[in-house]
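A.B. asks: Next come a sequence and a model predicted from it.
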Amino acid sequence: MGQHARDSQKQQVYEFEEEIAELHGIKGEQLTLLECQGLVAEICSQFAVNPPEVKDGRGCKSAFANELWITLPKQFRNMIGVVHECCHVICDIMFDCDRPYHDSIFVRYFIEILATRSTLTLPYLEHFAKISHVQVAPPADFRVLSPGVSGKLLSLYLEADQCSAELEFFCAQADDARSELAEIGVQIDDETYAARSELFS
Ligand SMILES: [Zn+2]
């Protein structure tokens, strides 16, 4: 995954979410991991995104999400926490990875999903974001993936992972071969060896 740009409105987004949840009592009750997994599946299916596996975030201070898993320490196992992490998953799949994590597009997804899961309306949520100094992308940036696209991304990702594991394996074999050859007096020059290394860097 690429380097994410500076996350300049992260704190404002956290405060916005907390305030709106508190004000309207919509944080949601404490959910079990299984219930969280169910909610993740529900939200992801709205966007034709494969639901990541929900993991216990024991020992972690904060929640974490990528295409493959979401870790949810206890304090994040509620509706707001799950929606927040799902937005990370969806945004990472649909947009460039080098965006700031909590950018205006993230907030657009957050309020669009929240509007379907609470009685709060989009204009109200947009207004609340504005007075909380949180930037929201225009509705045009809110997209729903066509079915199958995320599945394709996921399989490419897994394939790449598999390939790099295989490369590592062959790399180690090449290292072994080189030292075995050295033992019987055959030297592989550094240039050849470096050329091989380039393949894996
Ligand atoms: Zn976040």
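C.D. replies: Received it, and whenever you're ready, just let me know what you need.
A.B. asks: For the protein, just list every one of the helices.
C.D. replies: Taking DSSP state H as the test, the helices found in the chain are 10-24, 33-46, 79-94, 104-117, 122-131, 149-183, 190-200.
A.B. asks: Output those as TSV; include the columns mean pLDDT and distance to residue 57.
C.D. replies: Heads up, the C-betas are built off the backbone N, CA and C, glycines and all. Putting those into TSV (pLDDT from 0 to 100; distance: least, Cβ to Cβ, whole Å) gives the following:
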stretch	mean pLDDT	distance to residue 57
helix 10-24	96	17
helix 33-46	94	10
helix 79-94	93	10
helix 104-117	94	20
helix 122-131	96	27
helix 149-183	71	22
helix 190-200	70	33
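A.B. asks: Can you tell me which of those is most buried?
C.D. replies: Neighbour counts (mean count of other Cβ atoms under 10 Å) averaged over each of those peak at helix 79-94, with a mean of 23.
A.B. asks: Which elements pack onto it?
C.D. replies: On a contact count with 3 or more Cβ pairs under 8 Å, 6 or more residues apart in numbering; DSSP states H and E, helix 79-94 meets helix 10-24, helix 33-46, strand 64-65, strand 69-72, helix 104-117.
A.B. asks: would you turn the ones you listed into CSV with distance to residue 52?
C.D. replies: Shown next, in CSV, are those (distance: least, Cβ to Cβ, whole Å):
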stretch, distance to residue 52
helix 10-24, 20
helix 33-46, 7
strand 64-65, 7
strand 69-72, 5
helix 104-117, 15
